[in-house]
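Asks: I'd like to go over a predicted model; first the sequence, then the structure.
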Amino acid sequence: MQFKGELDSARIITVLDDYAGYETSFLAQHGIAILLEASSGGVCKRILLDAGQSALPILHNLELLGIDPCSIGAVVISHCHYDHTEGLVDVLKAIGRENVPVVAHTTMFRPNYIFDPFIRNIGVTGKNGPAAIEEAGGLLVLVDEPFEIMPGVIVTGEVPRRRAFEKQGIGTYNIEEGRVVPDEIRDDLSLAVKVRGKGLAVISGCSHAGIINIIDWSREIASEPRVDLAIGGFHLIEASPERIRDTAQALKDLDVGKVVTGHCTGLAALCEFSRVLGDRFEQLHVGTTIDL
Ligand SMILES: [Fe+2]
Ligand SMILES: [Fe+2]
């Protein structure tokens, strides 16, 4: 499947991250939420990727940014983890409309366990389950394959895992028919945004599919080899030095114009990106705004 849609322009605004930024009044939290303002034919649509682990800092930060949550037209959830989903129902209540599309993978609502240091479901809880989402005005759109929310804004769907160095999981498990099964976080999806005359912007939540796999897949489904921007969490916080090195090198080899990352990326990877990518690297924080 390939998508040819294009936007006239777009703006990406970070409304939640683990880092509030230097000398700001924003609130930080372990979590992420990124707002895409997509303009096409004189109409601007706001799409929120992820909802943090509570709505409170997101709503505070939106207010400081002068953005009314009522103006959010759709929410995309990158994957099931609590730091992306636990704010969802309260964000929907703040949006305050009926039938707000909430886009996610079909497996998003599975319990997703870790057992170290102690058994815990780090996936979606009942508070943000399907019934609660619909009661809060959300319209669930559960899709595994790529599709366009609007021409120029592609939800990647499930991302093929092709790069050998990105194969390793993060130690989460699913329980399937009474068996404890290592989890591949198949639900990890991202946004690929195409503005006329520009390369792609890839916006990710945690990149559990691997940021390079995500970029590879985005280039393929958008038929666009150029990548101007990769922004989001890259989940390299527990990655081996080899994986961090290979990721930085791949970003360089793919000639990604700008790499803006934070959340779960981790200090070692941030340092390596700074070293390898120089001016093309920027640390993500609340308020980071990029015009495409
Ligand atoms: Fe995650
Ligand atoms: Fe995360």
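Replies: Yep, it's here. Ligands and ions are numbered 1, 2, ... in the order given.

Asks: Please make it C-alpha for all contacts and neighbour counts, starting now.
Replies: OK.

Asks: Let's test this: what are the backbone torsions at Gln2?
Replies: phi -130, psi 150 (degrees, to the nearest 10).

Asks: Can you list the low-confidence ranges for the stretch 101-250 of the chain?
Replies: Scanning the stretch 101-250 of the chain for pLDDT under 70 picks out no residues.

Asks: Which parts of it are strands?
Replies: Counting by DSSP state E, counting those that start in this stretch, the stretch 101-250 of the chain has strands at residues 113-114, 120-121, 138-142, 147-150, 153-155, 173-176, 179-182, 191-194, 200-204, 227-233.

Asks: got the ones you listed as a markdown table, with distance to Ala33 and mean neighbour count columns?
Replies: A markdown table is the format used below for the strands of the stretch 101-250 of the chain (distance: least, C-alpha to C-alpha, whole Å; neighbours: other C-alpha atoms under 10 Å):
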| stretch | distance to Ala33 | mean neighbour count |
| --- | --- | --- |
| strand 113-114 | 23 | 20 |
| strand 120-121 | 21 | 16 |
| strand 138-142 | 17 | 19 |
| strand 147-150 | 18 | 16 |
| strand 153-155 | 16 | 25 |
| strand 173-176 | 25 | 16 |
| strand 179-182 | 27 | 12 |
| strand 191-194 | 13 | 28 |
| strand 200-204 | 10 | 28 |
| strand 227-233 | 9 | 24 |
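
Asks: And those strands: which comes nearest Leu16?
Replies: strand 227-233 (10.6 Å; C-alpha to C-alpha).

Asks: Identify the bridge partners of the residue lying closest to Glu148 once chain neighbours are set aside.
Replies: Distances taken as C-alpha to C-alpha, 6 or more residues apart in numbering place Ile154 nearest to Glu148, at 4.3 Å, with adjacent residues excluded. Assessed by DSSP bridges, Ile154 has beta-bridge partners Glu148, Ala192.

Asks: separation between Ile154 and Pro69?
Replies: Going from Ile154 to Pro69 by C-alpha to C-alpha, to the nearest Å gives 22 Å.

Asks: now Glu86
Replies: From Glu86 over to Pro69 (counting by C-alpha to C-alpha), the distance is 17 Å.

Asks: What ranges does the chain have for its helices?
Replies: Along the chain, counting by DSSP state H, helices occupy 55-64, 82-85, 88-95, 130-135, 211-221, 241-253, 267-277.

Asks: now Val227, which residues is it bridged with?
Replies: Leu200.

Asks: who's in contact with it?
Replies: Gly199, Leu200, Ala201, Val202, Ile215, Arg219, Leu254, Asp255, Val256, Gly257 (C-alpha atoms under 8 Å, 6 or more residues apart in numbering).
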